[in-house]
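Peer 1: From the sequence below, what's the structure:
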Amino acid sequence: MSKLSSKRQVTLPVEHCRALGIEPGDELEFFVANGQLTLVKKSRGRAKGVIKHLKGNKRYNDTQSRQDGMG
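Peer 2: Numbers count the residues shown, from 1 in each chain. Down below sits the predicted model:
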């Protein structure tokens, strides 16, 4: 089981990284939907199927959505 550090960092289990082809230095994207966090290895078009059903929250503009404490 992973634990969130004081810097909001999480160590991913090596067996999960191997299964997903994630290597040190790879860029990862995170998406939150329905109370769940999804991690996707960043590559062109990879997240398309994961986020196609999501709709943005029109209460927030782009600048607001990038600020800490939203949610």
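
Peer 1: Roughly how far does the spatially most central residue of the chain sit from residue 22?
Peer 2: Against the mean C-alpha coordinate of the chain, by C-alpha atoms, centre = their mean, the closest residue is residue 30 at 0.9 Å. From residue 30 across to residue 22, the span is 13 Å (C-beta to C-beta, to the nearest Å). For glycine as for every other residue, the C-beta is placed from the backbone atoms N, C-alpha and C.

Peer 1: Equivalent analysis for residue 31, please.
Peer 2: 16 Å.

Peer 1: what do you get for residue 9?
Peer 2: In terms of C-beta to C-beta, residue 9 sits 15 Å off from residue 22.

Peer 1: Residue 58 too?
Peer 2: For residue 58 relative to residue 22 (C-beta to C-beta), the value is 33 Å.

Peer 1: Same check on residue 29?
Peer 2: Counting by C-beta to C-beta, the gap from residue 29 to residue 22 is 12 Å.

Peer 1: Check residue 37 too.
Peer 2: 15 Å.

Peer 1: now residue 60
Peer 2: 30 Å.

Peer 1: can you name the farthest residue from the center of the protein?
Peer 2: residue 59 (21.1 Å).

Peer 1: Please name the residues that touch that one.
Peer 2: Taking C-beta atoms under 8 Å, 6 or more residues apart in numbering, we find residue 59 in contact with no residue.

Peer 1: now residue 54
Peer 2: 31, 33.
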